[in-house]
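Undergrad: Any chance you could fold what I've pasted below:
(4 chains)
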2 protein chains.
Amino acid sequence: MTRKPTIADVAERAGVAISTVSRHLNGHYVSRAAKKRISEVIAVLGYSRSRNARNLSLGRTGSIGVVVDSTLDLWFTQLLAGIEEELSKHDASLMLASLDLRGHYDAHIVHGWIREKRVDGLIIAKPGKRERPLLQKAVECQIPVISVAPDEVVKNIQVVRCDNIAAGATVADHLADFRHRKIGFAGGPPQSLDSKDRLLGLQNRLKQLGIPLDRRHIWWCESYQALAGIEFARTLLGKPLDITALVMGNDALALGFMRVAQQRGIRVPQSLSIVGFDNVPEGALLWPGLTTVAQPMREMGRAACGQLFENIALVRDVQIVEYPMELVVRESTGPAPDF
Amino acid sequence: MTRKPTIADVAERAGVAISTVSRHLNGHYVSRAAKKRISEVIAVLGYSRSRNARNLSLGRTGSIGVVVDSTLDLWFTQLLAGIEEELSKHDASLMLASLDLRGHYDAHIVHGWIREKRVDGLIIAKPGKRERPLLQKAVECQIPVISVAPDEVVKNIQVVRCDNIAAGATVADHLADFRHRKIGFAGGPPQSLDSKDRLLGLQNRLKQLGIPLDRRHIWWCESYQALAGIEFARTLLGKPLDITALVMGNDALALGFMRVAQQRGIRVPQSLSIVGFDNVPEGALLWPGLTTVAQPMREMGRAACGQLFENIALVRDVQIVEYPMELVVRESTGPAPDF
DNA sequence: TTGTATGCGTTATCAG
DNA sequence: CTGATAACGCATACAA
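TA: As a prediction, the model looks like this:
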């Protein structure tokens, strides 16, 4: 049983001072000779720095916080994959918090992180009105924050998101190609920036194309969860359908909607085309597969994490990074019935 | 800008020594008077311990590693939710590693964690033959490991899993209730302990019920991924169907299978009943919903994490914790066609 | 029961 | 360029 070698072991064996080894480790100036000897000793001993000691000395915690409504969110797993990729480069660890996992909203854990400076930075997925106090507190306490796909604009907070307006336009084009002229839109919560932008893009492009989007064909769901989609479907499909294509605010809603539609024997896409946003993997697993506009969520996770570390290293101006979205055509969309 | 208070600040303000505060913090003996004063000062100052300094002093890292094939695994998100719940109690952080996220198997990151003692303990989800070296190394390096739903038995490794044999029997009963007599089983990889046990339970109970399970109606898929289920469906549904009910090794496989089945117009459950295992949330989102046997994954995550911390605190004998599974009847199973 | 002193492994400051 | 040495914040023998 031999304990893990420390920087002191390396220094002694290489015949130099501890501080020289430290400098070498951090890429500061060291003579070629010393550099070589130290490297050799490190290799022989299998030395690696202690994260804890290093962070203690640097006054950091060495871990970042990732907060999300629910880790069960279909959307989140992909983001997490991206974060993980980036995180492994930085030898940092992760603290996870779900705001709404236990059946009720509870942000006190994250408030604690901020107050007690338990994290070096924060990635917040889809922050909305509810998360406003959280964001403010983080800014006050000088904790860098990246918000991913925020549901509202917040000043002084760095943002990673997609170009939802363009995405809406893409959907408009796709449906127009199929000759749809009676199109509906059902967003997430009406405050949601994502939904508003998607609708905006859809609306504008449809207008350009000379296709009407009747106000009575615009609806809003309670949340972005599949259950809300199910609920919406039950009310919408209770009365005669006046549209041939339906654009849902995200994939989860669309999936929920499709379940009810199929249950009621509505043929998708023959009677009704359905489009979602996000491209969650589950959309490809059912039949018909869900046509959707993909967010590069994994890449967004990487970007969010990467930028967070940059902001931790040095204070920078906040900026907004916007990714394009890409149409993924599967089976849930097809020609308009009338045509 | 006032920096975070330290234990020294508390000690000074309370008029006691640092060590007394430390003892109080760790629940050791302190006089009632001192206890009270210290508590007050802590409250006033809003003091909280530095995780890093504490762990450095204790010789721990303060974070645990969670290893999984892919964080995108439908199965994993729920486990993670449970782990998160437990983790927040212990003020520990998390390091995440996907073995197979980047298109090829790569365990070097986790090997690094073990070699360099970057984690206090490890939770490994569904370890199989591939992970054997990892487990061995962890045991060698004295790093506590909990394996969740392992695909093979490993000695000296603590296990959290479900009673898959009983689960198989439950499915047998369910299908027997629906008068099915031509039943098929398609497992995950043939080495998988989960699949073998599920088959075993199914087989035994069917035998008791006097229902045959033809050897030619037992198949194995390449993996546990939905894609493997799709592939399997393509070959099985290519020829005339000789069964009225099909039990898939897990939900992901079942979901993939159902997609192809629906695509080919096979009526589920009128022509073919389908059952899965795990109860991933997606199974409830399609129509017909997938009948399955639920693993209490969130609870398993909690248990795995909780036990890991116990093992970190003190060396204990390894044990196996086994949870019951529960049948979740949805729409993908129904009466046998012949009846 | 309490205080003193030392160690945990690094980084950074400041003379040489 | 290099080497002492003081933080970093806490835990714990040991002495009182």
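
Undergrad: alpha carbons only for contacts and neighbour counts from here, please
TA: Will do.

Undergrad: how about the helices in the stretch 1-150 of chain A?
TA: A:7-14, A:18-25, A:32-45, A:51-58, A:74-90, A:108-115, A:132-140 (DSSP state H, counting those that start in this stretch).

Undergrad: B:Ser195 is nearest to which of these?
TA: Among the helices of the stretch 1-150 of chain A, the nearest to B:Ser195 by Cα to Cα is helix A:74-90 (25.4 Å).

Undergrad: how distant is the closest one from the center of its chain?
TA: Chain-centre distance of helix A:74-90: 9 Å, with Cα atoms, centre = their mean, to the nearest Å.

Undergrad: Same check on stretch A:310-317?
TA: Centroid displacement of stretch A:310-317 relative to its chain, using Cα atoms, centre = their mean, is 20 Å.

Undergrad: Need the CA coordinates for that stretch. CSV is fine.
TA: C-alpha atoms of stretch A:310-317 as CSV (Å, rounded to 0.1, in the frame of the first residue of the first chain):
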residue,chain,number,x,y,z
GLU,A,310,-13.8,30.8,-19.9
ASN,A,311,-15.9,33.1,-17.8
ILE,A,312,-14.6,31.5,-14.7
ALA,A,313,-11.0,32.1,-15.8
LEU,A,314,-11.6,35.7,-16.7
VAL,A,315,-14.4,38.2,-16.5
ARG,A,316,-15.8,38.9,-20.0
ASP,A,317,-18.6,40.7,-21.6
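
Undergrad: check whether that stretch contacts DNA strand C.
TA: No: contact of stretch A:310-317 with DNA strand C (Cα under 7 Å from any atom of the strand) is absent, the minimum separation being 11.0 Å.

Undergrad: Give me the buried positions along that stretch.
TA: A:311-312 (16 or more other Cα atoms under 10 Å in any protein chain shown).

Undergrad: Likewise for stretch A:121-136?
TA: Buried, per 16+ other Cα under 10 Å, within stretch A:121-136: A:121-129, A:131, A:134-135.

Undergrad: Residues touching it, excluding its own?
TA: The contact list for stretch A:121-136 (Cα atoms under 8 Å, 6 or more residues apart in numbering or on different chains) reads A:63-69, A:76, A:107, A:110-111, A:143-152, A:157, A:192, A:304-305, A:308-309, A:312.

Undergrad: Quick check: the farthest pair among the buried residues of stretch A:121-136?
TA: Those two in the buried residues of stretch A:121-136 that are separated most widely, counting by Cα to Cα, are A:Gly121 and A:Lys129, at 20.3 Å.

Undergrad: if we can go back for a sec, comparing the helices of the stretch 1-150 of chain A, which comes out most buried?
TA: Of the helices of the stretch 1-150 of chain A, the one with the most neighbours on average (mean count of other Cα atoms under 10 Å in any protein chain shown) is helix A:74-90, at a mean of 21.

Undergrad: circling back to that earlier point, any chance of the helices of the stretch 1-150 of chain A in TSV, plus distance to DNA strand C and mean pLDDT?
TA: Below are those laid out as TSV (distance: least, Cα to the nearest atom of the strand, whole Å; pLDDT from 0 to 100):
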stretch	distance to DNA strand C	mean pLDDT
helix A:7-14	3	94
helix A:18-25	4	94
helix A:32-45	11	92
helix A:51-58	4	95
helix A:74-90	13	91
helix A:108-115	22	94
helix A:132-140	24	94
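
Undergrad: Out of those helices, which is closest to A:Leu213?
TA: Of the helices of the stretch 1-150 of chain A, nearest to A:Leu213 by Cα to Cα is helix A:74-90, at 28.0 Å.

Undergrad: contacts for that closest one?
TA: With contacts defined as Cα under 8 Å, 6+ apart, helix A:74-90 is touched by A:68, A:70-71, A:93, A:125, A:252, A:278, A:280, A:297-306, B:71-72, B:77, B:96-97, B:101, B:109.

Undergrad: Same check on stretch A:296-309?
TA: A:75, A:78-87, A:121-123, A:144-148, A:160-161, A:323, A:325.

Undergrad: re earlier: out of the helices of the stretch 1-150 of chain A, flag the one nearest B:Val16.
TA: Each of these was scored for nearness to B:Val16 using Cα to Cα, and the closest is helix A:51-58 (24.6 Å).

Undergrad: List the contacts of that closest one.
TA: With Cα under 8 Å, 6+ apart, helix A:51-58 has contacts from A:61-62, A:91, B:52-53, B:55-56, B:61, B:118.
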